[in-house]
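Engineer: next come a sequence and a model predicted from it.
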Amino acid sequence: MSETLWALLQPSSLLVIAIALALVGTWLRWHALAASLLTLVLASIAVAVVLPVTEWIAGPLEEQVAPVALPARVDGILVLGGAVEWRITASRGQLTLNEAGERIAAAAALAQRYPQARLVFTGVFQDTFAQDFRAHGTERSLWYGPVFADRDVRYLGSARSTFEDALVALRETPPAPAETWLLVTSAMHMPRALATFRTQGWTTLVPFPVDYRTTGTALPGFDWDVAGTLADLDVAVREWGALQVYRRTGRISP
């Protein structure tokens, strides 16, 4: 239900709904209504591609949790789900990433930097990385070599939301009191993710935000990538909405 609701309320979906209503209005000869809806759609798209709307909405989220200096020792690396296109991965037999793929790339770099650290992936199952974590890789391998072979890796595929990420991770891989863990997720998602884990009791996580969508400078300028602009706007609006829902439902502390 929540996924369906978010899908309907995101800006791009609302534009599609407005266009559909305009077509219905034209069919019913409500020409004034149809013209008004189409004008609203075109004006909204123009504002989104000319003004730095995404910077205004997403920027404050990405600035809430600043990157920190990496510690000398790391005991575990926790990588939140959302970066893997699991249907394509299962169909093609090769790990396929989406626009949040920097989470996986950063995790690979961190795993090389900290060869003794445990790796935990939420939202994916072991067969997603069937070609990986071996000494000698195949043509479909991403994680291979001595530093990845026989690595301590856990897959928490049952977690389907940020809240479940925290609950399942704490249940399946509880950290020892003196351990240092890195939390890897998109910068826009980091405020909600970090607050959720800390509210549930994992207070020692060190944030490692990646996958930035904004430049930090909100300057107007026409962006011909209309689809990309709307996609980033969808993500930002959804993240703000989810943050408010988590606060109101007690999943994160005020």
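Structural biologist: Okay, I see it. Please read these numbers as outputs of a predicted model, since none were measured by experiment.

Engineer: strands of this structure, start to end?
Structural biologist: Along the chain, counting by DSSP state E, strands occupy 76-79, 118-122, 153-156, 181-186, 205-210.

Engineer: how far does stretch 179-197 stretch from one end to the other?
Structural biologist: Taking CA to CA, to the nearest Å, the first and last residues of stretch 179-197 lie 15 Å apart.

Engineer: can you pull the pLDDT of the residue of the chain most remote from its centre?
Structural biologist: Most distant from the centre of the chain: residue 29, at 43.1 Å, with distances by CA atoms, centre = their mean. Listed pLDDT for residue 29 reads 84.

Engineer: just residue 159 next, same as before
Structural biologist: Predicted confidence (pLDDT) for residue 159: 88.

Engineer: again with residue 142
Structural biologist: For residue 142, the pLDDT comes out at 82.

Engineer: do residue 110 as well
Structural biologist: Note for residue 110: predicted pLDDT of 95.

Engineer: so what secondary structure elements neighbour the helix ranked longest in the chain?
Structural biologist: Counting residues, the longest helix found in the chain (DSSP state H) is helix 226-248. Helices and strands touching helix 226-248, as assessed by 3 or more CB pairs under 8 Å, 6 or more residues apart in numbering; DSSP states H and E, comprise helix 2-9, helix 11-27, helix 31-50, helix 53-64, helix 162-172, helix 190-199. C-beta here means a position set from N, CA and C on the backbone, and glycine is covered the same way.

Engineer: identify each buried residue in it, please.
Structural biologist: The neighbour-count check on helix 226-248 (16 or more other CB atoms under 10 Å) flags 229-240, 242-243, 246 as buried.

Engineer: I'd like the mean pLDDT over that helix, please.
Structural biologist: Mean pLDDT, computed over helix 226-248, is 89.

Engineer: what's the angle between it and helix 190-199?
Structural biologist: 30 degrees (axes from the mean of the first three to the mean of the last three CA atoms, to 10 degrees).

Engineer: contacts for helix 226-248 next, please.
Structural biologist: Residues outside helix 226-248 that contact it (CB atoms under 8 Å, 6 or more residues apart in numbering) are 6, 9-13, 15, 45, 48-49, 53-54, 57-58, 61, 99, 162-163, 188-189, 191-192, 195-196, 213, 223, 251-252, 254.

Engineer: show me which of the residues you listed are buried.
Structural biologist: Buried positions within those, assessed by neighbour count (16+ other CB under 10 Å), are 6, 10-12, 15, 45, 48-49, 53-54, 57-58, 61, 162-163, 188-189, 191-192, 195-196, 213, 251-252.

Engineer: just want the phi and psi numbers for the residue farthest from the centre of the chain.
Structural biologist: Listed backbone geometry of residue 29 is phi 70, psi 30, with angles given as degrees, to the nearest 10.

Engineer: from residue 63, how far off is it?
Structural biologist: Separation of residue 29 from residue 63 (CB to CB, to the nearest Å): 50 Å.

Engineer: got it, and residue 237?
Structural biologist: Residue 237 sits 17 Å away from residue 63, going by CB to CB.
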